[in-house]
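**Student:** predicted coordinates and the sequence they were generated for:
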Amino acid sequence: MNRIKYYFIFNVLLLVTFLGCTRNSLDVDISNITLDIEIQRFDQEIFTLDFDTIDNAISAFYAKYKDFYDVYNVHVINIGPASQKYYGSYLSMFVNDPTNLEVYKDVCDVIHDLTETEFQLSEAFSRYLYHYPDSAVPVLVGYMGGFNHKLLTVGDYIGIGLDQYMGRDCPYYDLLKTPEYIQYNQYPGKVASDVMHVWGSSKYSYNDSIDNVLNRMIYGGILLYFTDAMLPQMDDSIKIGFSPDQMKWCVNNESQMWTHLVEHKLLFETDPLDIKKLTEDAPFTSYFTKESPGRASVWLGWQIVREYVRRNPGLSLAEVMGERDYQKILRESKYHP
């Protein structure tokens, strides 16, 4: 009986140890942070506007959306600032354009309920406040912009182009000849990770004093690590926007990709075209096979950053994000897949 009891206790201790080792260290306790994120439906405000009271509406929009309102007018729908003489007429033309009206109605049908996304973002920004307790949480604004600008940041505002998240099978994207690898990430479930990624990039810009493939890889990995910290339970494939097969390809070919970059002396390549081919969105990553996803080398950078953090467990998220010596991150990661 005593031996049975001993084995039982021993196995329980092993289980506790195993669970402790496998726990995600980024899944922090946010139970004492109360935050309810709401995505402001600026698209609905614009498309239901009473143009007989346009002057009052302009004042209200400036009060509510501040500089974001001007950026939307000038850089998203391209009608110029609201201060111009004929602004009301230009906005009316945009809102009453038959194509824009049709797209707006479809946006409302597809994205009529943002409850799940708002829940994800409430938890994500609660973690943001956990790591950055003295920071402000941005105002999230959903807009319809004629398929211009998927996301944009203006001060403490994040704009979300809802017409860019209407689903992979949205016929408009085919009509616009949007490449399939871009369409793959144009669905409502991608909003939360995209928002956190763009928020991270707005807070931590790229140090371009030395621009090469390695630096771009690791900077991309840092932004994905920020997304890890904000959305620790989300699948990696959603965070980076790869299909399950593409994720499997990266895992299976991690060593070969790294070896190829090293042996062909591509890590310190400064040619902008090579940097673009290896680190930006594309059907596949040049220098790798056509089965690879675009930005596969950024996935490598992500693994380097994760290994760097694993070997330096005392670092805060702010310290990881603020590290601008990208070669130091590689060196201290001792990355060797």
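**Tutor:** Structure's in. What do you need?
**Student:** please enumerate the helices of the stretch 201-337 of the chain.
**Tutor:** Secondary structure of the stretch 201-337 of the chain (DSSP state H, counting those that start in this stretch): helices at 213-230, 236-240, 244-252, 254-263, 272-279, 296-311, 317-322, 326-333.
**Student:** what's the closest of these to Ile54?
**Tutor:** For these, proximity to Ile54 was assessed by CB to CB; helix 213-230 is nearest, at 38.5 Å. Just so you know, the C-beta spots here come from the backbone N, C-alpha and C atoms, and that holds for glycine as well.
**Student:** strands along the stretch 1-150 of the chain, start to end?
**Tutor:** For the stretch 1-150 of the chain, the strands defined by DSSP state E, counting those that start in this stretch cover 39-41, 139-143.
**Student:** now tabulate those in TSV and tack on mean pLDDT and mean neighbour count.
**Tutor:** What follows is the strands of the stretch 1-150 of the chain, written out as TSV (pLDDT from 0 to 100; neighbours: other CB atoms under 10 Å):
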stretch	mean pLDDT	mean neighbour count
strand 39-41	97	19
strand 139-143	97	23
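**Student:** can I get these in JSON lines with distance to Ile79?
**Tutor:** As requested, these are exported to JSON lines (distance: least, CB to CB, whole Å):
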{"stretch": "strand 39-41", "distance to Ile79": "20"}
{"stretch": "strand 139-143", "distance to Ile79": "13"}
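**Student:** mind checking which of these is nearest Glu254?
**Tutor:** Proximity of those to Glu254 was assessed by CB to CB; the nearest stretch is strand 139-143, lying at 35.0 Å.
**Student:** where are the low-confidence patches of the stretch 151-300 of the chain?
**Tutor:** Applying pLDDT under 70 to the stretch 151-300 of the chain flags no residue at all.
**Student:** apologies, that question was intended for the stretch 1-150 of the chain.
**Tutor:** Confidence mapping of the stretch 1-150 of the chain against pLDDT under 70 gives the ranges 1-23.
**Student:** swap in 80 and give it another go.
**Tutor:** Per-residue confidence of the stretch 1-150 of the chain (counting by pLDDT under 80) places the weak regions at 1-24.
**Student:** and the closest residue to Leu49 other than its chain neighbours, how far is that from Ile304?
**Tutor:** With CB to CB, 6 or more residues apart in numbering as the measure, Ala57 is the residue that lies nearest to Leu49, at 5.7 Å, once sequence neighbours are left out. In this structure, Ala57 lies at 50 Å from Ile304, with CB to CB, to the nearest Å as the measure.
**Student:** equivalent analysis for Tyr65, please.
**Tutor:** Counting by CB to CB, the gap from Tyr65 to Ile304 is 39 Å.
**Student:** of the two, which one has the most company?
**Tutor:** Summary of the neighbour comparison: Tyr65 and Ile304, criterion other CB atoms under 10 Å, with Ile304 having more neighbours (25 against 21).
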